[in-house]
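K.L.:
Would you be able to build a 3D model of this:
(one chain, ligands or ions: 2)
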Amino acid sequence: MPVAESTPQTLYDKVFQDHIVDEKLDGTILLYIDRHLVHEVTSPQAFEGLKNADRKVRRPDCTLATTDHNVPTTTRKALKDIASFIKEDDSRTQCVTLEENVKEFGITYFGLSDKRQGIVHVIGPEQGFTLPGTTVVCGDSHTSTHGAFGALAFGIGTSEVEHVLATQCLITKRSKNMRIQVDGELAPGVSSKDVILHVIGQIGTAGGTQSVIEFSGSVIRSLSMEARMSICNMAIEAGARAGMVAPDDITFEYLKGKPLAPKYGSDEWNKAVAYWTSLASDPNAKYDVDVFIDGKDIIPTITWGTSPEDVVPITGVVPDPETFATEGKRAAGRRMLEYMGLTPGTPMHDIVVDKVFIGSCTNSRIEDLRAAAHVVKGKKVASNIKRALIVPGSGLVKDQAEEEGLDKIFTAAGFEWREAGCSMCLGMNPDILAPKERCASTSNRNFEGRQGFQGRTHLMSPVMAAAAAIVGKLADVRTLSEYTGSPHIEAAIAPETTTAKAHVDERVETDDVEKEMIGDQPLDSPPQVNTSVPKTSAGLPKYEILKGIAAPMEKANVDTDAIIPKQFLKTIKRTGLGTALFYEWRFKDGQENQDFVLNKEPYRNAKIIVCTGENFGCGSSREHAPWALNDFGIKSVIAPSFADIFFNNSFKNGMLMIPIKDKVDIDAVHAEAVAGREIEIDLPNQVIKDAEGKVLCSFDVEEFRKHCLINGLDDIGLTMQLDDKIAEFEKKMSRDTPWLDGKGYLKRKGQGGKLAVKAAPVPKTNRGETKKEPLEW
Ligand SMILES: CC(C)[C@H](C(=O)O)[C@@H](O)C(=O)O
Ligand code: SF4
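P.N.:
Ligands and ions are numbered 1, 2, ... in the order given. Below you'll find the model as predicted:
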């Protein structure tokens, strides 16, 4: 694929450029999406939207679905079907709804009875569905994981899921380029998780806002794909839109023999590798932000607070909030310590742990389990540990680990060996913390209530979590007897010995013929594309002037887990979430918390929030957050900055988010809010006024968003009117990068247009049976 030679470009610039379908004068871009992963939590409302508008899924061949968030991780030996297996009503409804939707819309689906089921961000790479140079989206913030392959991969909200299902495109704009270069070497016991926790500690959870981070430098280059995935996974925790690593030999090695990658050694493989190699940033490419980190400064890192930026080395102590720079930070620090039940000055390794969780899309891959098993081997979980869970990221990871005997190492030590899913990462299934329980966790978020109401989470690497399980306290893995370093890093240096090879090799055998078919696809046979009749806008309420009470907030990093906790994500509707807004802040023991602003007069009827802290809406991509605000009656939030996904999601619901950087300006608006007076947001004139009509400040808003808000336009209808351009783009893609057309996958073995794999749960016998079983798409 040709890449402009003139101006030096970054990896991100190149991938982005190669996917532009249309560009407006104001910089609004229609971006083509190659790969769409779907899970049960963020898709029901999107499919419902399609049905209501009589729209189809444009590219079922480029869409892959699984259930992961809600699924129990108990044994599936007695599994008959998902409806009888999942006991909790709302979880079951979401999973069953996904099964109905994939059948109705013809989407490939890995259900609970399929070995390939697992966390979306584990199964995409494992199948070769994720490829370098692609655009990958999912209704999930940790889609950034796939950037490890040099893909531009980012989380989207449910409205955007619907947009991609209908059009295979997204409306977006360019992000800034940020480079984080980690040079030198990592010491034994230091892993990629420590790298990313250290980075977030340095740049903060808003450090990457509006940027795509390219991770580079000798440390990154030396890491395995699994380790790179852990790093890109948490780019979202640094506030970035996406994280990327340039594809290289380690990437190609990992992709060899993956079911959906071009056949190794074929012309198509060679062509793909040449293209993938060309994507590396040009030597003189410019970055808007550059961060340099020396690998030797990183030691095993762990969180102490309730935001991923609250990190300390394991050799450190619980910090004293009174030493923090501003009163806002001091107040936040005090609250965190109270929530976490910690006292300043306590050595981190004195903190006693109740539960240990090794899993999640950050650290549940085969290497993570190998590294943890290496620490655990021959030892016992400490007697004070109530539960220690190992939750593999997918059925294939589980199989591989069992083949290597890792399950035996864990169970002999006293760990539970579970089935694949998100599990205790966010506890939408029964794996949760009890109030005040403390968990050593390999997941990515330590927000309040994340792993269970009042649960206390410390984030760390798999070897550190394993060490905590053995010691019964947070522990420095390097001090454990017989510990000789992390296989994580060694893995990177010799990838051929350490990637999850066994199951890959099998598939090379069984898939060869079919993959040949894909490779030989005639260029003149276009992929099967479903285009529906272009619909005009379904319509949103118009937004012009909003006058009302504004509720003041003074917090930074108001995360979407706080805006709407996980227990309310199990709905399959967009409405009725107002009562759950800020649930754990608004209610205490079922009673209203009188200290919380929305429980006070006149703020019960607020239409606006004015928040003086940065990074409003960070964390999860759940569109339930703007739905809840909207349902409560809040149509606008004014804050110094917003997290990208939340910001986008709000506009899709006819809401206006207003970033105001200038402290004098935001303080003026905040003062009106504190006084309980109404303010007026005038969108056409882009100003905020006080109750008397005096202008307090002006604000910026992109032309396209403003146009959609004022006219109440739903952008799916608008995009569908560009069908000719999209079809033209698809033709070019089929010619230049034929390996991206998933039509071959769906056509495999299929004769006369019949699909090889029906979009239905694979029969139960597929799980746990002989490993010789073919694993075709
Ligand atoms: C459920 C989903 C919207 C959410 C996300 O986007 O991250 C979840 O995966 C999480 O980790 O909180
Ligand atoms: S962060 Fe946790 S809940 Fe979200 S996708 Fe990853 S494993 Fe699942």
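K.L.:
what residues are up against the residue of the stretch 101-250 of the chain found nearest ligand 1?
P.N.:
Using Cβ to the nearest ligand atom, the single residue of the stretch 101-250 of the chain nearest to ligand 1 is residue 141, 3.6 Å away. Backbone N, C-alpha and C define where each C-beta goes, glycine included. For residue 141, the residues meeting the contact criterion (Cβ atoms under 8 Å, 6 or more residues apart in numbering) are 155, 236, 619-621, 645.
K.L.:
what does the stretch 601-750 of the chain put close to ligand 2?
P.N.:
Applying the criterion Cβ under 6 Å from any ligand atom, no portion of the stretch 601-750 of the chain neighbours ligand 2.
K.L.:
Quick check, the residue in the stretch 601-750 of the chain closest to ligand 2?
P.N.:
Per Cβ to the nearest ligand atom, residue 620 is where the stretch 601-750 of the chain lies closest to ligand 2, at 7.0 Å.
K.L.:
burial measure for the closest residue to that residue other than its chain neighbours, as a count.
P.N.:
Counting by Cβ to Cβ, 6 or more residues apart in numbering, residue 560 is the residue found nearest to residue 620 once chain neighbours are left out, at 4.7 Å. One way to gauge burial is a neighbour count; for residue 560, by other Cβ atoms under 10 Å, it gives 27.
K.L.:
any idea how far ligand 1 is from residue 621?
P.N.:
Using Cβ to the nearest ligand atom, to the nearest Å, residue 621 is found at 4 Å from ligand 1.
K.L.:
I figured that residue hits residue 157, correct?
P.N.:
Yes - under the criterion of Cβ atoms under 8 Å, residue 621 is in contact with residue 157, at a separation of 5.6 Å.
K.L.:
Mind listing the shared neighbours of those two?
P.N.:
42, 139, 645, 649.
K.L.:
check contacts around the second one.
P.N.:
Taking Cβ under 8 Å, 6+ apart, we find residue 139 in contact with 38-39, 41-43, 46, 155-158, 160-161, 621, 623.
K.L.:
Now, those that are in strands?
P.N.:
Judged by DSSP state E, the contacts of residue 139 include 38, 155 as members of strands.
K.L.:
Buried subset of the contacts of residue 139 as a ChimeraX selection?
P.N.:
The following ChimeraX command selects only the buried members of the contacts of residue 139, with burial defined by 16 or more other Cβ atoms under 10 Å:
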select :38,39,41,42,43,46,155,156,157,158,160,161,621,623
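K.L.:
pLDDT added to the contacts of residue 139, as TSV?
P.N.:
Compiled in TSV, the contacts of residue 139 are given as follows (pLDDT from 0 to 100):
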residue	pLDDT
38	98
39	98
41	98
42	98
43	98
46	98
155	98
156	98
157	97
158	97
160	98
161	98
621	97
623	98
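K.L.:
out of the contacts of residue 139, which one sits closest to residue 301?
P.N.:
When the contacts of residue 139 are ranked by distance to residue 301 (Cβ to Cβ), residue 155 comes first, at 23.9 Å.
K.L.:
can you tell me how far that closest one sits from residue 107?
P.N.:
In this view, residue 155 and residue 107 are 19 Å apart by Cβ to Cβ, to the nearest Å.
K.L.:
who's in contact with residue 75?
P.N.:
Contacts for residue 75 were tallied using Cβ under 8 Å, 6+ apart; they are residue 419.
K.L.:
ditto for the one 10 residues further on
P.N.:
Taking Cβ under 8 Å, 6+ apart as the definition of contact, the neighbours of residue 85 are 72, 76, 79, 112.
K.L.:
ok, and the most crowded of these?
P.N.:
Ranked by neighbours (other Cβ under 10 Å), the contacts of residue 85 are led by residue 112, which has 26 neighbours.
K.L.:
ok so, going back, so which of the shared contacts of residue 621 and residue 157 are in helices?
P.N.:
645, 649 (DSSP state H).
K.L.:
Go back to the shared contacts of residue 621 and residue 157 and keep what's next to ligand 1.
P.N.:
residue 42.
K.L.:
Let me know the closest of the shared contacts of residue 621 and residue 157 to ligand 1.
P.N.:
Using Cβ to the nearest ligand atom, residue 42 is the member of the shared contacts of residue 621 and residue 157 that sits closest to ligand 1, with 5.0 Å.
K.L.:
Tell me the spacing between the closest one and residue 407.
P.N.:
Per Cβ to Cβ, residue 42 is found 31 Å from residue 407.
K.L.:
Over to residue 362?
P.N.:
In this structure, residue 362 and residue 407 are 21 Å apart, going by Cβ to Cβ.
K.L.:
Of the two, which one has the most company?
P.N.:
Relative neighbour count places residue 362 above the other of residue 362 and residue 407, with 31 against 18, counting by other Cβ under 10 Å.
K.L.:
for the more buried one, what are its contacts?
P.N.:
Residue 362 touches 142, 145, 193, 230, 233-234, 442-444, counting by Cβ under 8 Å, 6+ apart.
K.L.:
Of these - the most surrounded one?
P.N.:
For those, the largest neighbour count, defined by other Cβ under 10 Å, is 35 neighbours, found at residue 145.
K.L.:
In the stretch 101-250 of the chain, what residue spans correspond to helices?
P.N.:
Under the criterion DSSP state H, counting those that start in this stretch, the stretch 101-250 of the chain contains helices at 120-127, 158-167, 192-203, 218-222, 225-233, 249-255.
K.L.:
Just the residues contacting the second one, thanks.
P.N.:
Applying Cβ under 8 Å, 6+ apart, the external contacts of helix 158-167 come out as 33, 36, 38, 42-43, 45-47, 49-50, 53, 55-58, 63, 105, 137, 139, 156, 169-171, 532, 574, 623, 648-649, 652-653, 715-716, 719-720, 726.
K.L.:
give me the element the spatially closest residue to residue 693 that is not a sequence neighbour is part of.
P.N.:
What sits nearest to residue 693 in space, not counting adjacent residues and going by Cβ to Cβ, 6+ apart, is residue 680, at 7.3 Å. The secondary structure element spanning residue 680 is strand 678-682 (assigned by DSSP states H and E).
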